[in-house]
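A.B. asks: After the sequence you'll find the predicted model.
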Amino acid sequence: MKVREEQVIDVLKQCYDPEIPIDLWNLGLIYDVKIDESAGGESSNVDILMSLTTPGCGMGGYMAEDIMNKVESIPGVSQADVKITFEPRWTPEMMSDEARARLGFGNDLSRQSQSPGQVRDEEDDWA
């Protein structure tokens, strides 16, 4: 059974950073998905390259395990492997428009150098 990239992406949209209520795909933490079909095309291995929002994030192992378990539940996937990298380093600009909107970033990230919980609109400034 041939595994399609869209199937893997659909599953990745069900994997979340436990500290941020946005899925890993829309956060832009998934850098690459490779599907390697074994001889005969009966099963596939899936390799995923991802990053974390910060190098010090202690949840990387948890997220990688969650991804592996969920991807391996796709019919036709025999094995999933997740590697974590920090090259390139993740930035909020890598998020989808949907994720930026949900976290209150809007489409203009240039004036927002603080974390989403600390960002204030210019209207909120107390001049």
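C.D. replies: Happy to help now that I have it. Quick caveat, the model's predicted, so the values are computed rather than measured.
A.B. asks: For the residue most central in space within the chain, give me its contacts.
C.D. replies: Residue closest to the mean C-alpha point of the chain, counted by CA atoms, centre = their mean, is Leu24 at 2.4 Å. Each residue near Leu24 by CB atoms under 8 Å, 6 or more residues apart in numbering is listed here: Leu12, Cys15, Tyr16, Asp17, Ile30, Met50, Met63, Ile67. Where you see a C-beta, it was placed from the backbone N, CA and C, and this is true even at glycine.
A.B. asks: what do you get if the cut-off is 6 Å, keeping everything else the same?
C.D. replies: Residues near Leu24 by CB atoms under 6 Å, 6 or more residues apart in numbering: Leu12, Cys15, Ile30.
A.B. asks: and what of Asp23?
C.D. replies: Lys13, Tyr16.
A.B. asks: Dig out what it forms beta bridges with.
C.D. replies: Tyr16 (DSSP bridges).
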